[in-house]
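Engineer: sequence and computational prediction follow.
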Amino acid sequence: MGHTPFFFESWYNVERTVTLSVVGFAALFTMLRISGKRTLSKLNVFDFVFVVAVGSVFASMIISKDVTLIEGVAALATLIGIQILLAELAARFPRAERIINGEPTLLLSHGKFISAALRRERVTEEEVRGAIRAEGVTRVEDVDAVTMENDGTLTVAWMSKKPGETSLVDAKDPDPDDSG
């Protein structure tokens, strides 16, 4: 029974791995640039699955002796094509967009937590409070809404309900006549 060498088998395998890494990386980079910025946007579920699949194909292409360069590039191109097609469908049809990307979830409205939404999204009040603090807001009552976006980020919409002085009192408008 033959065992696969643990440290080294041949220089051919090293050369093959390096060559496929360089050529595969160049091909993947080129295809991602051609496919557009949407491919590299913040990761929602759809984008996450795409990135994992591309990474897996790329790794198989480099390491597996059963996958040729052309097969690997064809698989990468197919995945990118699927991603472009689904992104195009999402951009053109609202129902497809909801199916592919999901919908944001309102977690807090007019200073009140929405318990059912928090449970469904597995988010704690403390996490929502942290997002509010990150926006520089000290009072939950001042927040109009906190939304969990499709990519998992928390967006805080707020306007201070307390009268007070703006933090911009010391900011000066640039003098349009002063070019120096």
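Structural biologist: Great, that's in hand.
Engineer: please count neighbours and contacts with C-alpha atoms only from this point.
Structural biologist: Will do.
Engineer: show me what contacts the residue lying closest to V67 once chain neighbours are set aside?
Structural biologist: Excluding the flanking residues, the one nearest V67 by CA to CA, 6 or more residues apart in numbering is M61, at 5.5 Å. Residues near M61 by CA atoms under 8 Å, 6 or more residues apart in numbering: 20, 24, 67-69, 71-72.
Engineer: just confirm E97 contacts A91, I think it does.
Structural biologist: Yes. Applying CA atoms under 8 Å as the test, E97 and A91 come out as touching, 6.6 Å apart.
Engineer: what does the model give A171 for pLDDT?
Structural biologist: Here, the pLDDT recorded for A171 equals 41.
Engineer: my bad, T39
Structural biologist: In this model, T39 carries a pLDDT of 58.
Engineer: ok, K42 next?
Structural biologist: 62.
Engineer: re the thing from before, quick check, nearest of the contacts of M61 to V143?
Structural biologist: Using CA to CA, G24 is the member of the contacts of M61 that sits closest to V143, with 48.1 Å.
Engineer: can you give me the neighbour number for the closest one?
Structural biologist: 21 (other CA atoms under 10 Å).
Engineer: number of nearby residues for F48?
Structural biologist: By other CA under 10 Å, the residues close to F48 number 13.
Engineer: now the element after the helix or strand containing it, going C-ward?
Structural biologist: Under DSSP states H and E, the secondary-structure element containing F48 is helix 45-63. Where DSSP H and E defines the elements, the next helix or strand beyond helix 45-63 is helix 69-92.
Engineer: returning to that earlier point: select only the buried ones of the contacts of M61 in PyMOL?
Structural biologist: Provided next is the PyMOL selection string for whichever of these are buried by 16 or more other CA atoms under 10 Å:
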select buried, resi 20+24+69+72
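Engineer: closest to F50 among the contacts of M61?
Structural biologist: Distance to F50, by CA to CA, is smallest for G72 among the contacts of M61, at 15.2 Å.
Engineer: wait, what's in contact with the closest one?
Structural biologist: Applying CA under 8 Å, 6+ apart to G72 gives the contacts 24, 57-58, 60-61.
Engineer: out of those residues, which is nearest to F46?
Structural biologist: Using CA to CA, V57 comes nearest to F46 of those, at 16.7 Å.
Engineer: list the contacts of that closest one.
Structural biologist: By CA under 8 Å, 6+ apart, V57 lies in contact with 72, 75-76.
Engineer: let's verify T147: helix, strand, or coil?
Structural biologist: strand (DSSP: H, G, I helix; E, B strand; the rest coil).
Engineer: thought it was touching E103?
Structural biologist: No. Using CA under 8 Å, T147 is not in contact with E103, being 10.2 Å away.
Engineer: more neighbours: which of the two?
Structural biologist: Counting neighbours by other CA under 10 Å for T147 and for E103 shows that T147 has the greater number, 19 against 13.
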